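> coords please:
(chains A and B)
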Amino acid sequence: MNLFIQGIGAVTPLGPTALQTWLPLCEEQQAPKRLMANAVADRKYFACMVPGKFVSEAARQPRLRRSGTISLLGAAAGFDAFADAGLKPGGDLSDRIAVVFAICSGGINYTRRLYHEIVTQGANAASPLLFPETVYNAAASHLAALLDVDGQSYTLVGDSSVGLSALHFATELLMMQPELDRCLVVGTEEADWLLSDAFASWRMATNQDRFEVYGRTYGTIFGEGAAALLIGRTGTLEISRSSPGLPFFSVRQSESVAAELFGNLLIEEPPEMIVSSANGTFADEVERKVFGRLSPLIPVYAPKPAVGEALGASALFQVAVAGLALRHQQLPGTLCAGFKLPSVNRETRSLVASSALVTCVGFNQQVNAAKLRLT
Amino acid sequence: MQAVGRQHRVLVTGMGIVSPLGLDLSSNLRSLVDASDAVAWVRNFDVTKTRCKTAAQIPDGCLEDALGRRRSRLHRGARMAGMALREACDSAKGSTPELIVVGTTSGGMSFGETYYRRLLATKSRKGLARLVGNYTPQKSILDALEANRLRIPAQIVANACSSGSNAIGHGFELVRHGLRTCVACGGYDTLCELVFVGFDSLQAATPEKIRPFDKNRSGLVLGEGAAFLILESEQYAVHRGAMALAEIVGYGVSTDTYHLTQPHPSGIGPKLAMQRALESAGLAAGAIDYVNAHGTATVFNDATEGAAISELCGRVPVSSTKSMMGHALGAAGAIEAAFSVLALSEQFLPPNINFVEPDPTWKFEVIGNNSRAARINHVLSNSFGFGGTNATLVLKSV
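Numbering: from 1, shown residues only, chains lettered A, B, ... in the order given. Sure thing, here's the model as predicted:
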């Protein structure tokens, strides 16, 4: 069964739509970073935030007036994917569509605020307005309501690879259910000081204003945003392979697991480009070793130095970038690239390509990959 | 992409439960038959400022060495999930799941709470990395897989309180459509302060006893636990000589977009999920012998679910086992599916305890306070959640 990406949507710190993100990526622009502070401790972290004006249209929806940032981002990207496909949501279209969300930390702004109230003011001070928005599937519920979907809505949680897991889940739904025409797959995440501080304690995030990929690994900088893919049964951008991923139980295991999963996709019909998950953590080293051994000549683009690590959104954003690269026959240059991986694409260039591999090494869950083919 | 071929029968060949009613299948069965009440004063955090003071909890002492001493520092969710998964795999005797689909709502949230409290107290994050690494919802499942020597892909569904049923439903569909031959699926959730206080702030939690479908019901109490089912295609199960406990025959879902936390008053959300599950099973509503209801005992849930059951199934026997062990959120659907399998395999109706006065609005019979033997062939199990996610499973005796 052939399944295709019919529409690509995104909202990122670089732009309010996928196309308006793609252009600055190709100009090798880096999203502005904001310094986040918190009264809890005097440590500060940079993050790539989405300007409020990028989600102003979503914020005008009555349903979203009290929702968290994560829901606004998800809705904006979802509507962008419909627009990219030339479709207007609603009516018969909504009767035959499922919504699948990918989330990692979820509504962390509201969660932190709610728990802060509980700890500092007492349980009786907890806001009943905040709690529902902290539930992982709040963003999916809001978008389903805006699209008038009364059927299937799923939220998958995981680490930064969860987007690829959600993509695979969506393909499963379409393969099993002929009554569905499409699935809208959305990855969304918001940045917060607490997230950066927690990941810094785990040595996964840095307090510096930049991070290097395929070079020195001293942690990532978080970003926020959303990416959305409208998947259907016709089109030209085929999802030729997807996977539920493979788990690894230790960093030491991750390389062999990545080699197992990526190897199959790299060796049979090698892709012409790779869009990788490099983010300044151990993931870079895992990818570097596998790519260096199995695909030393295939150009690798890593988008995270440009927009930050947006966890639940990031893997689907990689797929969006891969799709746009195939559509525009252009591969952006990787920013802040170190010298450990010779095949990293350092400058934006045109290329003739009909297939792309998207790879992801998550923080603590799974290695995953997907392959796109232009038909 | 693999093309989908003919449909396969989906058998439940193994099952494991860890709940406040017991740490394995046999103790849970005994508690269901005996109409036990596992709800007690909350021990793990301060409840002096909440309306509700009770929950159904699994004593930490029972979980400490569950996966061996080396894993005693893992989150209690990992230990519950690991125990339930082990029992499920053991009872399936030699099955090899290719995938695990798991529902949860809050994962290892209590580690996040500990992290934040220590941060507020000391400003330092020294020594807290372990909490960060283990609080994410997927980590408990990875730990459970590792403890059971299973290196298989994991899909973690977080559809609020229907998550467990959604996970089993998706696993069922994968096997039914031939995309997988053997899937482990279920759910886990652990009691935590943030969620407890959240429900209390919404005034959805009761300071009284939980009384599902009672005219004077006043709200839910929370619970916790984990349950897993091993689902296999009939062909695979027969090939390896596995014994089936029950069959899953239908799965239906709906999304009620009326409000984030309140169902549409008409009950259209639950009704659609139940109708779709019956269609998926190829059954008329009259074929259902027992409904294991979502039955949270909140005014809104029971009103809408009660209306939907009444309209669709008429005078069917109904109970909410949450009356005995509280609402285990993302684990609830999985635990209740496992209870439904027990009801089918042992031919009895689990009770709805604390039941005093019937609500005259509904036609169905609430199985009040005591379990009873019955001939049952088909069970319908409901789970509904925040965000309007509704999921229904139909199970059949073998």
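> name the residues of the worst-scoring helix or strand of chain A on mean pLDDT that are buried.
Considering only helices and strands, the least confidently modelled element of chain A by mean pLDDT, DSSP states H and E is helix A:91-95, at a mean of 86. Of the residues in helix A:91-95, those buried by neighbour count under the rule 16 or more other CB atoms under 10 Å in any protein chain shown are A:Leu93, A:Ser94. Just so you know, the C-beta spots here come from the backbone N, C-alpha and C atoms, and that holds for glycine as well.
> name every strand pairing with the helix or strand just after that helix and say which way it goes.
The element immediately downstream of helix A:91-95 (helix or strand, assigned by DSSP states H and E) is strand A:97-103. The sheet places strand A:97-103 alongside strand A:153-157 (parallel), strand A:182-189 (parallel), with pairing taken from DSSP bridges.
> most packed of those?
Between these, the one whose residues have the most neighbours on average, counting mean count of other CB atoms under 10 Å in any protein chain shown, is strand A:182-189 (a mean of 32).
> count of residues packed around A:Trp193?
By other CB atoms under 10 Å in any protein chain shown, the residues close to A:Trp193 number 22.
> mind listing what's buried along the top helix by length along chain B?
Selection of the longest helix in chain B by residue count, based on DSSP state H, yields helix B:76-92. Of all the residues in helix B:76-92, those buried under the rule 16+ other CB under 10 Å are B:76-89, B:91-92.
> what of stretch B:271-285?
Using 16+ other CB under 10 Å as the burial criterion, the residues of stretch B:271-285 that qualify are B:Lys271, B:Leu272, B:Ala273, B:Met274, B:Gln275, B:Arg276, B:Ala277, B:Leu278, B:Ser280, B:Ala281, B:Leu283.
> save those as a markdown table, and put in secondary structure too.
Formatted as a markdown table, the entries for the buried residues of stretch B:271-285 read as follows, by DSSP: H, G, I helix; E, B strand; the rest coil:
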| residue | secondary structure |
| --- | --- |
| B:Lys271 | helix |
| B:Leu272 | helix |
| B:Ala273 | helix |
| B:Met274 | helix |
| B:Gln275 | helix |
| B:Arg276 | helix |
| B:Ala277 | helix |
| B:Leu278 | helix |
| B:Ser280 | helix |
| B:Ala281 | helix |
| B:Leu283 | coil |
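> what's the separation between A:Asp159 and chain B?
Taking CB to the nearest CB, to the nearest Å as the criterion, A:Asp159 is separated from chain B by 6 Å.
> from B:Leu120, how far off is A:Leu195?
Here the criterion is CB to CB, to the nearest Å. By it, A:Leu195 lies 16 Å from B:Leu120.
> look at those two and report which has more neighbours.
Taking neighbours as other CB under 10 Å, A:Leu195 and B:Leu120 compare with A:Leu195 leading, 25 against 14.
> surely A:Ser94 and A:Leu147 touch.
Yes: under the criterion of CB atoms under 8 Å, A:Ser94 is in contact with A:Leu147, at a separation of 5.3 Å.
> those residues of the stretch 151-300 of chain B touching chain A, which are they?
Counting by CB under 8 Å from any CB of the partner chain, the stretch 151-300 of chain B comes close to chain A at B:151-160, B:166, B:170, B:173-174, B:176-177, B:179, B:193-194, B:197-203, B:253-257, B:260-261, B:272.
> try it again with 6 Å
By CB under 6 Å from any CB of the partner chain, the residues of the stretch 151-300 of chain B that approach chain A are B:153, B:155-156, B:158-160, B:173, B:177, B:194, B:197-198, B:201-202, B:253-255, B:257, B:260-261.
> could you tell me which of these belong to strands?
Among those, the members found in strands (DSSP state E) are B:Gln155, B:Ile156, B:Val253, B:Ser254, B:Thr255.
> tally of neighbours for the first one?
Going back to what we said before, that points to B:Gln155. Neighbour count of B:Gln155, defined by other CB under 10 Å: 30.
> OK, contacts around it?
For B:Gln155, the residues meeting the contact criterion (CB atoms under 6 Å, 6 or more residues apart in numbering or on different chains) are A:Pro244, B:Val101.
> any idea what it is bridged to?
Following DSSP bridges, B:Gln155 is listed with bridge partners B:Val101.
> equivalent analysis for the third one, please.
With beta bridges defined as DSSP bridges, B:Val253 has these partners: B:Ala391.
> excluding chain neighbours, what is closest to residue 115?
This is for chain A. The shortest distance from A:Tyr115 to any non-neighbouring residue, by CB to CB, 6 or more residues apart in numbering or on different chains, is to B:Leu194 (5.3 Å).
> my question was about chain B, not that one.
B:Leu131 (4.4 Å).
> and for that neighbour, the neighbour number?
23.
> end to end, how far does stretch B:36-54 reach?
With CA to CA, to the nearest Å applied, stretch B:36-54 spans 16 Å between its terminal residues.
> report the distance from it to the chain centre.
Taking the mean C-alpha point of stretch B:36-54 and that of its whole chain, the gap between them comes to 20 Å (CA atoms, centre = their mean, to the nearest Å).
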